[in-house]
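Peer 1: Predicted model follows, preceded by the sequence.
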Amino acid sequence: MRIAVLASGNGSNFEAIAQAFEKQTIAGELVLVFSDKKTAYVLERAEKHQIPAFTFSPKDFLSKKEYEEALLDLLVDHQVDYLVLAGYMRLIGEGLLEAFPKRIINIHPSLLPAFPGLHGIEDAFDYGVKVTGVTVHYIDAGVDTGPIIAQECVPISATDTLESLTEKIHQTEHRLYPEVLAEIIHAEE
Ligand code: GAR
């Protein structure tokens with residue numbers, strides 16, 4: 001299986017995934033990283049791990065459709081089988097969904113369907129829930145919808161701050177995402 005990671009920012013989940021490929025706990029090959037943000041730190045992380053990295057922005061194109069066609073060309077050129085979203089903060093369009101049916105996976109920092117969107121950790125913290133968590137799911141056309149693959153709870157204690165909760169969520173993500181990807185890809189091999 002040839003896997004591509006799509007990310008928009010820091011790339012700490014990419015880092016955990018890249019380490020799992022290096023330790024061969026995930027089968028297959030991590031063939032490229034793509035970021036829609038040219039200054040995203042994930043691109044530096046990719047260089048450190050010697051994973052080919054590519055970046056262009058929807059702003060470089062006349063429409064979202066053209067942007068996604070360019071992205072699809074890149075993925076097809078590299079014979080990518082699976083897309084792994086790791087903090088890729090855009091909706092996936094129809095063209096990519098059709099090209100990778102049930103082969104686009106996302107991680108979200110809440111127990112979906114609660115707190116979808118761009119600020120899952122903060123929204124759960126502000127709401128005052130006592131338990132939040134992490135969800136790994138297949139992507140469909142909605143915002144953080146699509147069939148759920150795995151979830152893990154993260155309790156919020158009275159002493160937690162947004163910072164400490166964020167740290168706990170990220171630690172959970174960095175363990176859970178590589179584990180779940182390993183299982184999915186192993187089942188496909
Ligand atoms: C992660 O917490 C991920 O769950 C979240 O973005 C963060 C990216 O961190 N994704 C979403 O909120 C998707 N709706 P990272 O760049 O350090 O991996």
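Peer 2: Happy to help now that I have it.
Peer 1: List the contacts of Leu71.
Peer 2: Phe34, Phe56, Leu96 (CB atoms under 8 Å, 6 or more residues apart in numbering). C-beta coordinates here come from the backbone N, C-alpha and C atoms, glycine included.
Peer 1: and those residues as CSV, adding distance to the ligand?
Peer 2: Shown next, in CSV, are these (distance: CB to the nearest ligand atom, whole Å):
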residue, distance to the ligand
Phe34, 13
Phe56, 18
Leu96, 16
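Peer 1: Turn the residues you listed into TSV, columns for secondary structure and neighbour count.
Peer 2: Compiled in TSV, the contacts of Leu71 are given as follows (DSSP: H, G, I helix; E, B strand; the rest coil; neighbours: other CB atoms under 10 Å):
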residue	secondary structure	neighbour count
Phe34	strand	25
Phe56	coil	16
Leu96	helix	19
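Peer 1: Whatever residue of the chain ends up closest to the ligand: neighbour count?
Peer 2: Ranking the residues of the chain by distance to the ligand (CB to the nearest ligand atom) places Gly87 first, at 2.6 Å. Counted with other CB atoms under 10 Å, the neighbours of Gly87 add up to 22.
Peer 1: Same check on Ala158?
Peer 2: 5.
Peer 1: And the one 10 residues further on, by the same measure?
Peer 2: Burial of Lys168, expressed as a neighbour count using other CB under 10 Å, amounts to 19.
Peer 1: Same question for the one 4 residues further on.
Peer 2: Counted by other CB under 10 Å, the residues lying close to Thr172 total 18.
Peer 1: Please, where are all the strands along the protein?
Peer 2: Assigned by DSSP state E, the strands in the chain fall at 2-7, 29-35, 53-55, 82-85, 104-108, 131-138, 148-155.
Peer 1: what's the angle between the lengthiest helix in the chain and strand 104-108?
Peer 2: If you go by DSSP state H, the chain has its longest helix at helix 162-188. Helix 162-188 and strand 104-108 are oriented at 160 degrees to each other (axes from the mean of the first three to the mean of the last three CA atoms, to 10 degrees).
Peer 1: ok so, going back, could you dump the strands of the chain to a markdown table with mean pLDDT and distance to Glu15?
Peer 2: Shown next, in a markdown table, are the strands of the chain (pLDDT from 0 to 100; distance: least, CB to CB, whole Å):
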| stretch | mean pLDDT | distance to Glu15 |
| --- | --- | --- |
| strand 2-7 | 98 | 10 |
| strand 29-35 | 98 | 11 |
| strand 53-55 | 98 | 13 |
| strand 82-85 | 98 | 13 |
| strand 104-108 | 98 | 13 |
| strand 131-138 | 98 | 16 |
| strand 148-155 | 98 | 19 |
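Peer 1: Good, wrapping up.
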